[in-house]
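*Asks:* Need the 3D shape of this:
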Amino acid sequence: MTVLPDDGLSLAAEFSDATREQWQRLVAGVLSKSGKDVEGAAAEDALTTTLEDGLRVRPLYAAGDTASDPGFPGFAPFVRSGRPEGNTLGGWDVRQRHTTADGGAVLTDLENGVTSLWLVVGEGGMPVSSLGRVLDGVYLDLAPVVLDAGCEVEDAARELLRLYEERGVAKEAARGSLGADPLGFEARTGRSFDFAPVAGLARRCAEQYPGLRALTVDALPYHEAGGSAAQELGCSLATGVAYLRQLTEAGLSVEQACGQLEFRYAATADQFLTIAKLRAARRLWARVAEVCGAGGAGAQTQHAVTSSVMMTRRDPWVNMLRTTVATLAAGVGGAESVTVLPFDHALGLPDAFARRIARNTSTILIEESHLSRVIDPAGGSWYVERLTDELAQAGWEFFQGIERTGGQADALRSGRLGRELAATWEARSAKLAKRREPITGVSEFPNLTEKPVVREPATEQPAGGLPRVRRDDAFEALRARSDAHLAATGTRPRIFLATLGPAAAHTARATFAANLFQAGGIEPVMEGTFEESGASEACLCSSDALYEEQAEARAEELGSLGARHVFLAGRPAAHAGVDSYVFAGCDAVAVLSATLDRMGVS
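*Replies:* Sure, this is the predicted structure:
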């Protein structure tokens, strides 16, 4: 009898190690059942997912999937954290965004978990003159303030510094950022402003306010124009380098210039890509600082913001789930500050409930999930380390492309950057239209009976530069057409789902078809007859075997009853009377738009 060590965990020691080849053979066996005849490495490749920027996610990572040494937290290349302690001393800074002069909302946030304020001032936000009123009752020596004032940054900064002095805040106690970002403003608006006042603010902060930064390197304009993760990284590096050049030319040392920058990135519901992006950003900026001779000043300070691109207008409650995953990713990725956009952000000004959920998202992850108690929780994962390395390489390549052709300002003004971002978004839009990238509540599992969430309109944001896109744009346009038809006629446009055979034969395809048509605001009707449905179009739903037996006759019957167009849910095949097909991977947006056109829904 074999006596096992008394640790209770040694059972695996009784078995020999499995090999990758054994695993690949098992994968090949499973794939063969679905009609894919592949072996060895090809079987593994069949399960590989291609992301933007040419990144490929494999189904299995092992110790042989090496990446660059991430180092230790607080030491170059700062992949694991910009600080030795990471966020372990109290979690990340919970930073709430405010665009209106609502001092009550500001105090409510600070009294209930928010630890810093992000104030949008000037065009698209609150007036500069309202800062004193908005910050009335705020302990400015305890709550960092981050300004976002566009071209009015000089006036806004002057007012904030005046408030510090008026309220007796010691210069060394002032914390936050004046938020100057000339290139970010130009990306948003197409307009530029003089950098000289910004350099003056940076010099003043460096010399008098050790806890206050003057500039923000905001990568959100590029993310919100449809850019990929690598493009977002490349643009942030190019912007940061441009600011370093201008600040050192104005007399600041490289170390002082680096210390005046805070970087802002989008956090999406793709948690691993977000984690890798934040880790890669720190590595890349450390390399820039090293080349510039900044010594130990290469730790990038990061502010992560949950992505507005992923936020939907339909079924906005799902946004709570998206922002939770994004916040988790931002925290795991090591961002020092995190802003959770309220779930109703895409609909207008958030209400008190939405702001409460937003701030509590971080609180739960910090206090109840204990997410910040470990520095770089994803560190050491073969997948995360490899993804970080590959994304860093892609971001660096994009950055070099910008630098080779004149830098960030020239890339913006020539339109070259806008075209590259547009090309990326066009490719992604094709995936969204085909539902290869699903949007829960919009392109998948939509709810046509949901009660609309109505909010007070938000202040119009500056425009004129790069566009702002959303994942739900194409489907939102279709749903708006359906809404207008409902308002005018009292009913939504309808399609009759003609099921063939028993439920086991048609349920899967009927469910698929119902989801697809509802994504465009077209109500599927399955009960009763075609004449009773009030529909002008029909869709056959069943198995391939029953299609062979019954599809042609049923399609001809529907045509004789007045169906102007007959779909079949399944891959195209030769069936008389069937006008077109809907199937996984078809261009749902094109199908739905053409269907609404035929129905006379403008």
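
*Asks:* quick one, helices of the stretch 201-350 of the chain?
*Replies:* Assigned by DSSP state H, counting those that start in this stretch, the stretch 201-350 of the chain shows helices spanning 220-223, 229-249, 254-258, 271-292, 318-333.

*Asks:* mind checking the SS state of E420?
*Replies:* Following DSSP: H, G, I helix; E, B strand; the rest coil, E420 is assigned to helix.

*Asks:* got the contact list for it?
*Replies:* Each residue near E420 by Cβ atoms under 8 Å, 6 or more residues apart in numbering is listed here: Q231. Bear in mind the C-beta positions are built from the backbone N, C-alpha and C, glycine included.

*Asks:* doesn't G179 make contact with L212?
*Replies:* No. The pair L212 / G179 is not scored as a contact, 10.6 Å apart, by Cβ atoms under 8 Å.

*Asks:* Output stretch 205-217 as CSV, nothing but the C-alphas.
*Replies:* C-alpha atoms of stretch 205-217 as CSV (Å, rounded to 0.1, in the frame of the first residue of the first chain):
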residue,chain,number,x,y,z
CYS,A,205,3.4,73.8,-9.8
ALA,A,206,6.9,72.3,-10.0
GLU,A,207,8.3,75.0,-7.9
GLN,A,208,5.5,75.8,-5.4
TYR,A,209,2.9,73.0,-5.4
PRO,A,210,4.6,69.6,-5.0
GLY,A,211,1.3,67.7,-5.0
LEU,A,212,-0.2,69.4,-8.0
ARG,A,213,0.3,68.5,-11.6
ALA,A,214,-0.3,70.9,-14.5
LEU,A,215,-1.0,68.6,-17.4
THR,A,216,-3.1,65.7,-18.4
VAL,A,217,-2.2,63.4,-21.2
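
*Asks:* Next up, phi/psi of the residue nearest the centre of the chain, please.
*Replies:* Note on the chain: the residue nearest the mean C-alpha position is T268, at 3.0 Å, using Cα atoms, centre = their mean. Backbone torsions of T268, given as degrees, to the nearest 10, read phi -110, psi 180.

*Asks:* That one and I275 touch, don't they?
*Replies:* No. Counting by Cβ under 8 Å, T268 stays clear of I275, with 10.6 Å between them.

*Asks:* Which neighbours do the two have in common?
*Replies:* A329.

*Asks:* and stretch 234-248, C-alpha only, in CSV?
*Replies:* Taking C-alpha atoms only, stretch 234-248 is exported to CSV below (Å, rounded to 0.1, in the frame of the first residue of the first chain):
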residue,chain,number,x,y,z
GLY,A,234,0.8,55.2,-29.1
CYS,A,235,-1.2,58.5,-29.1
SER,A,236,-0.6,58.9,-25.3
LEU,A,237,3.1,58.4,-25.7
ALA,A,238,3.4,60.8,-28.6
THR,A,239,1.4,63.4,-26.7
GLY,A,240,3.5,62.9,-23.6
VAL,A,241,6.7,63.3,-25.6
ALA,A,242,5.4,66.5,-27.2
TYR,A,243,4.8,67.9,-23.8
LEU,A,244,8.2,66.9,-22.5
ARG,A,245,9.8,68.7,-25.4
GLN,A,246,7.8,71.9,-24.8
LEU,A,247,8.3,71.8,-21.0
THR,A,248,12.0,71.3,-21.2
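
*Asks:* ok, and what's touching stretch 109-121?
*Replies:* In contact with stretch 109-121 (Cβ under 8 Å, 6+ apart) are residues 93-99, 106, 125-128, 131, 134-135, 138, 143-149, 152, 156, 176, 337, 339, 355-356, 359-360, 362-363.

*Asks:* Tell me the buried residues within those.
*Replies:* 93-99, 106, 125-126, 128, 131, 134-135, 138, 143-149, 152, 156, 176, 337, 339, 355-356, 359-360, 362 (16 or more other Cβ atoms under 10 Å).
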